[in-house]
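> Below is the sequence, then the predicted model.
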Amino acid sequence: MSATLQLDDVRLAYDGAHGLHTVVDGFSLSLDAGRIGCLLGPSGCGKTTVLRAIAGFEPLRAGSIRLGERLLSSAGVHLPPEERRVGMMFQEYALFPHLTAAQNVGFGLRRLPQPDQRARVAEMLALVGLAESGGRYPHELSGGQQQRIALARALAPSPALLLLDEPFSNLDAATRERLTVEVREILKAAGQTAVLVTHNEAEAQAMADHIGLMHNGRLTRWTA
Ligand SMILES: Nc1ncnc2c1ncn2[C@@H]1O[C@H](COP(=O)(O)OP(=O)(O)OP(=O)(O)O)[C@@H](O)[C@H]1O
């Protein structure tokens, strides 16, 4: 089940040569269940750092992150990534090349009984329009098809929240435009709460219900 995401007064910093380097400060947002939010801003403004903190890869220096009723992070609390029920479609989380599309989609389902796994994989492949391609290896798929498989893999375990970091940046302009619309439809069909990061305004407009403008680690505007 998708959940509401709530960030309150979040501060994030990296250890640097000259002490702590604060990159995000006083960052708050609220995203209702089933809605798609987008963080838009120039390179280096802190978008990826916010996403990494939600996913559980960066500790909070202050503030809190909640998903539904659960506290994921605060200055004293840090739930490990695998316990957050947060799915990810990041550039660096490419498909496993030695697994078929179906095996990739089933990767996060290994705890389910085999018949349930097979049924869920089939359901996810159909959701992304690739029901016939489960037996193919990533190199036998186009870039756009690979990203749809990556989306199916991220959605398969029914995450409470999905994070997408520049998911279309390696694709050509035409594929990118088409996939942006398709992915929005898929997320809406699944009722999925999602946060997208991009520096492409057209992509943000086409995909999101709410757009947050970021500048120097702060949210300067949040459109309703
Ligand atoms: N592991 C790290 N250690 C130290 N500083 C970091 C680290 N990762 C990011 N930063 C710094 O934090 C700031 C924000 O980086 P972040 O990657 O969040 O920006 P971004 O908005 O996602 O940029 P881009 O659009 O280029 O991906 C930058 O100044 C960056 O140099």
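All right, it came through fine.

> What helix or strand is P157 located in?
Using DSSP states H and E, P157 falls within no helix or strand.

> Just list the residues touching it, thanks.
Counting by CB atoms under 8 Å, 6 or more residues apart in numbering, P157 makes contact with 85, 87, 108-109. Every C-beta, even on glycine, is put in place using the N, C-alpha and C of the backbone.

> again with L7
L7 touches 27-30, 50, 54, 63-66, counting by CB under 8 Å, 6+ apart.

> Export the helix or strand where it lies to PDB, keeping only CA atoms.
Per DSSP H and E: L7 is located in strand 5-16. This file holds the C-alpha atoms of strand 5-16, laid out as PDB (Å, rounded to 0.1, in the frame of the first residue of the first chain):
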ATOM      1  CA  LEU A   5       5.600  11.000   2.700                       C
ATOM      2  CA  GLN A   6       6.500  13.700   5.200                       C
ATOM      3  CA  LEU A   7       9.900  15.400   5.500                       C
ATOM      4  CA  ASP A   8      10.200  17.900   8.400                       C
ATOM      5  CA  ASP A   9      13.000  20.400   8.700                       C
ATOM      6  CA  VAL A  10      15.600  17.900   7.300                       C
ATOM      7  CA  ARG A  11      19.300  18.800   7.400                       C
ATOM      8  CA  LEU A  12      21.900  16.700   5.600                       C
ATOM      9  CA  ALA A  13      25.600  17.200   5.500                       C
ATOM     10  CA  TYR A  14      28.800  15.400   4.300                       C
ATOM     11  CA  ASP A  15      32.100  15.100   6.200                       C
ATOM     12  CA  GLY A  16      34.600  17.200   4.300                       C
END
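
> Next secondary structure after that strand?
strand 19-31.

> the inter-axis angle of whichever helix or strand comes after that next one versus strand 19-31?
Next along the chain after strand 19-31, taking DSSP H and E as the criterion, comes strand 36-40. If you take axes from the mean of the first three to the mean of the last three CA atoms, to 10 degrees, strand 36-40 sits at 150 degrees to strand 19-31.

> from now on call the first residue 15
Right, with 15 as the first residue, what we last looked at is strand 50-54.

> Show me what strand 50-54 is in contact with.
Contacts of strand 50-54 (CB under 8 Å, 6+ apart): 19, 43, 45, 61, 64-65, 198, 201-202, 206-213, 215, 218, 221-228, 233.

> and A218, what helix or strand is that in?
According to DSSP H and E, A218 maps onto helix 215-221.

> If we go by neighbour counts, what in that helix is buried?
217-218, 221 (16 or more other CB atoms under 10 Å).

> repeat for stretch 93-105
93, 98-104.

> Just the terminal-to-terminal distance for that stretch.
Criterion CA to CA, to the nearest Å; first-to-last residue distance in stretch 93-105 is 23 Å.
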